[in-house]
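Q: sequence first, predicted coordinates after that:
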Amino acid sequence: MRTPNVLLAGLVSLTLVAGACGDDDSTEAGDDPPAGVVDEGGGDLPDRSPDLTGTITAVDAFAPVTEDCVPAEDLPPDGTTSSDDPPTCTPEGIEIAGTVVVEEQPGVQEGRKISYTVTADTALAGDAGGTTVTAFADLAEGQTVDSWVVEGVCAESYPEQCGAEALRVTDP
C-alpha cells in the first residue's frame, strides 16, 4: 500500500521545511540529544494567541522506516511510484515524535481540523490528570489543547497539515 509512504514523505518534507523556515525565537537552545532520540518538550510557548483551541482526536507515534526501504537520494526526481515499490527510508537525524489531530468541533465536518507534526522543537506544556506535560507520550485523545502552528508551514488540505510550534493541554 503506497498511502502510508506518501504520508510519511509528506511528514518528513513538512518537518524539513519547518526546520528551514521556522522561527526559532520562541525556543531555548539546549544540548543535542543522542542520535535517534527525540528531546521533546523544549522551548517556551509563543507570545501570541493560539492558532487553534480544540480536542485531540488522534495521537500517532512516529515509527521511522529503516529496513527494506530505498534511500531518498536513490530515487529519481521525476520517477513514477506505485504500491509495488518499497517505502522510502526515513532520513537520519529526523526528530519527529509523532502526529496529533486537533479538532475545533470533534465529530462533525464543520470547524477547523489540524494534523500537527510534533518534533523535538515543539514546546509542550500543561497538565494532564495531575501530570505535567513534557513529552509526546503525555498527549492523549480527548484532551483539550491550545495549539500553535509553526508560522508559514501548513499544507492546505482537510484536515490541514502543519508543524506544531507548541501544544498546551488545558483540560485532561
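A: Received, thanks.

Q: the most centrally placed residue in the chain: helix or strand, and which one exactly?
A: With distances taken as Cα atoms, centre = their mean, the chain has residue 117 as the residue nearest its mean C-alpha position (0.9 Å). Here residue 117, judged by DSSP states H and E, is contained in strand 113-119.

Q: so how many other residues sit close to residue 127?
A: Residues within reach of residue 127, counting by other Cβ atoms under 10 Å, total 14. Placement of C-beta: from N, CA and C, glycine included.

Q: do the same with residue 160
A: If we define neighbours as other Cβ under 10 Å, then residue 160 has 17 of them.

Q: chain center to the helix or strand harbouring residue 147, what's the gap?
A: Assigned by DSSP H and E, residue 147 belongs to strand 144-155. Chain-centre distance of strand 144-155: 10 Å, with Cα atoms, centre = their mean, to the nearest Å.

Q: any buried residues in stretch 97-111, and which?
A: Within stretch 97-111, the residues that count as buried by 16 or more other Cβ atoms under 10 Å are 97, 98, 99, 100, 101, 102, 103.

Q: just for the chain, where's the confidence low?
A: 1-43, 172 (pLDDT under 70).
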